[in-house]
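> Here's a sequence, model it:
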Amino acid sequence: MIRRTVMQFDVAITGGGLSGLLCGINLQAGGRKVVIVSSGESSLIMSSGSFELLGKAGGKRVENPLDSLGELPAEHPYNIIGKEAMTVICQKLPDLLGDCGISVRGSAEKNMLRLTPVGRFKPCWLALDSLFTTDGFSDLPSSVLIAQPEGFMDADSSFMAEALEKKGVSCRIASICFDELSTLRGNASEFRAVAIARQSDSTTFLDKVAASLTSSLKGEKLVLVPAAFGLRNDHAMKYLSVKTDVSVLSYPTLPPSAPGVAMASKLRCAFEGLGGTFINGDTVESADIEDGLVKAIYTEKLGSDPIVATDYVLASGSFLGRGLRSDMNHIYEPVFGADVVAADSRQQWYSPDFFAAQAYQGFGVASDSSFRLSVDGATVANLYGAGMVLAGADVIEEQSKEGVEIATACAVADNILKK
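Predicted structure coming up:
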């Protein structure tokens with residue numbers, strides 16, 4: 001007889017992105033023994049350092065996200081959670097992130113605006129303290145210095161200048177130059193935001209950045225730099241502000257982004273610091289389901305050795321994270337065989353107009369009011385879904401990605417803790 005090694009937990013989470021990590025942190029803090037299985041880097045590394053809650057509903061721009069939930073379909077995850085519970089989640093999140101070493105500002109009562117890497121203003125709910133945002137343009141300064149390393153490839157300062165100048169801000173563009181940056185520039189693969197950010201954790205490096213900025217100032221009180229300074233140094237922007245005696249804030253770069261990499265690392269550290277188990281670089285491939293319950297899951301690397309838990313959470317993401325897959329005629333969930341809400345005909349999955357809302361963005365696994373999933377039409381009592389894998393939200397059209405990930409993760413954790 002072959003003896004199998006069984007890993008036993010209270011909760012097993014498939015997916016180590018924002019949803020999986022926040023769900024795991026809440027559960028571990030609530031006294032559950034949790035394991036997260038992650039196949040690798042999540043979409044967190046693409047984060048600009050801001051969090052969307054709801055930027056658009058009913059085809060219209062949203063100013064007050066919580067007051068606009070009623071404009072979303074009844075099956076939307078936000079409406080499944082309910083406005084009262086959504087309000088509580090939104091109020092608690094800044095403190096939760098703060099406990100993980102992620103300092104943010106903002107309110108679900110009113111959207112802020114942040115710049116994108118291509119120089120467009122988009123609404124956001126929360127933003128890192130170091131990120132430049134505006135409450136609605138009335139708070140913009142009369143002039144701004146926009147500075148970035150010469151030859152930097154992950155952002156274009158002219159895009160930022162164009163966006164601000166359209167709002168009446170006078171912008172000057174300058175280069176940040178010193179020897180260490182020139183050395184990095186010699187290797188194109190090293191002259192990216194994350195690589196520069198790793199170097200700039202030291203005060204010696206930041207002192208040289210500050211000196212370069214100071215020499216370029218001509219009376220401006222605000223300096224914008226790419227989010228490429230300070231990967232583990234949470235106070236890099238504050239340090240530069242003190243050294244230059246002006247406000248220094250960052251603007252987003254193309255992914256992978258330094259703020260995204262830093263947030264992913266901090267959330268994982270917080271989860272493991274609470275006693276959670278994080279299995280990285282492995283993929284959940286299948287599950288045993290009997291009598292309406294998941295009995296075990298199996299991963300690629302553990303082979304026949306199962307992970308056994310009381311409850312299971314699917315937080316594997318949508319198509320990008322391969323939480324949902326498709327062939328020529330079907331869309332399916334590959335691990336548990338969970339029921340999927342999707343149009344039957346392939347022609348209904350998408351619009352030929354690239355810029356139109358795409359139907360497939362709203363596809364996902366079916367769930368009940370507690371976000372429990374079903375297989376072959378029958379609810380599986382100990383299987384939950386969280387984040388982008390759920391049906392009912394078009395996070396691209398709604399500008400709601402992080403909000404859906406966060407709200408459903410917190411709601412699922414709460415439902416499990418109440419059991």
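> Quick one: low-confidence residue ranges for the chain.
For the chain, the stretches with pLDDT under 70 are 1-4, 188-190.
> which residues in it form helices?
Secondary structure of the chain (DSSP state H): helices at 18-29, 77-81, 83-99, 157-165, 179-185, 193-199, 203-216, 236-244, 258-273, 395-398, 401-418.
> Show residues contacting the fourth one.
With contact meaning C-beta atoms under 8 Å, 6 or more residues apart in numbering, helix 157-165 is reached by 115, 117-121, 140, 144, 146-148, 171, 173, 224, 226, 251. For every residue, glycine as well, the C-beta is placed using N, CA and C.
> Off-centre distance for it?
25 Å (C-alpha atoms, centre = their mean, to the nearest Å).
> residues of it that come out buried?
Neighbour counts over helix 157-165 (16 or more other C-beta atoms under 10 Å) mark 157, 159, 160, 161, 163, 164 as buried.
> mind listing what residue 317 touches?
Contact analysis of residue 317 by C-beta under 8 Å, 6+ apart lists 15, 17, 19, 42, 43, 323, 387, 388, 389.
> quick revisit: how about a markdown table for the buried residues of helix 157-165, with distance to residue 259 added?
Listed next are those as a markdown table, based on distance: C-beta to C-beta, whole Å:
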| residue | distance to residue 259 |
| --- | --- |
| 157 | 18 |
| 159 | 18 |
| 160 | 16 |
| 161 | 21 |
| 163 | 19 |
| 164 | 20 |
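> out of those, who's nearest residue 130?
When the buried residues of helix 157-165 are compared for distance to residue 130 (C-beta to C-beta), residue 160 wins out at 15.4 Å.
> Distance-wise, check the closest one relative to residue 224.
Residue 160 sits 6 Å away from residue 224, going by C-beta to C-beta, to the nearest Å.
> Need the overlap of contacts for the two.
If you check residue 160 and residue 224 against C-beta under 8 Å, 6+ apart, the residues they both contact are 146, 251.
> what residues does stretch 137-146 touch?
Counting by C-beta under 8 Å, 6+ apart, 113, 134, 157, 160-161, 164, 167-174, 213, 216-225, 251 sit against stretch 137-146.
> Tell me the spatial nearest neighbour of the residue positioned nearest the centre of the chain, not counting adjacent residues.
Nearest to the geometric centre of the chain sits residue 44, at 4.3 Å (C-alpha atoms, centre = their mean). Nearest residue to residue 44 in three dimensions, chain neighbours excluded: residue 264, at 4.1 Å (C-beta to C-beta, 6 or more residues apart in numbering).
> one step back: wouldn't the residue nearest to the centre of the chain be in contact with residue 17 here?
Yes - contact criterion C-beta atoms under 8 Å: residue 44 and residue 17 qualify, at 5.7 Å.
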